[in-house]
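**Student:** this one's structure only:
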């Protein structure tokens, strides 16, 4: 960005950027582990989690109770967590704010990596687009069609790809790039 590159940052700025990128990476791994263990990371698991009806008890959306005798065969193995609409709203609002802020700070660091503008623009957009596809996919799966559950997986993948590219290219420029004078 106008001749200012990460490789030219003072040591304190390099340490700050590196630790921020490392912290976001650790947080992303923890988020992946949480999603994998509480919902699952397949389209079918996402579909079951966002189903309008409680998949384990046959409880319909809006019903206060689903008390009845159940056969163990009725329990869904796909849905570990059923996301009711209030939880979907809560998840959407916190993730839209949080992931957008994270994407913005990642992008701010990445602006100082010397790349062609078109490539830099495409990479910096990935986490933002991934967040919108992820959260939008949850709503589309719930209220449009369960077959759209792949959007949630696609969105998470785009966010992760954007993070990895931004972090790798930024760390390379911070610590490995040799200045030519």
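**Tutor:** Structure received. From a predicted model like this one, the values you see are computed outputs, not experimental measurements. Numbering: from 1, shown residues only.

**Student:** Which strands or helices does whatever helix or strand residue 120 lives in pack on?
**Tutor:** Assigned by DSSP states H and E, residue 120 belongs to helix 117-143. Packing contacts for helix 117-143, counted by 3 or more C-beta pairs under 8 Å, 6 or more residues apart in numbering; DSSP states H and E, involve helix 43-49, helix 85-110, helix 150-171. C-beta: built from backbone N, CA, C; applies to glycine.

**Student:** Leaving out the residues flanking it, which one is nearest to the spatially most central residue of the chain?
**Tutor:** Note on the chain: the residue nearest the mean C-alpha position is residue 156, at 4.2 Å, using C-alpha atoms, centre = their mean. Take residue 156 and drop its neighbours on the chain: the residue closest to it by C-beta to C-beta, 6 or more residues apart in numbering is residue 134, 5.3 Å away.

**Student:** Any idea how many residues pack against that neighbour?
**Tutor:** 22 (other C-beta atoms under 10 Å).

**Student:** how close does it get to residue 104?
**Tutor:** Counting by C-beta to C-beta, to the nearest Å, the gap between residue 134 and residue 104 amounts to 16 Å.

**Student:** Repeat that for residue 97.
**Tutor:** 11 Å.

**Student:** Likewise for residue 150?
**Tutor:** 27 Å.

**Student:** Residue 141 reaches residue 47, doesn't it?
**Tutor:** Yes: with contact defined as C-beta atoms under 8 Å, residue 141 reaches residue 47; the gap is 6.2 Å.
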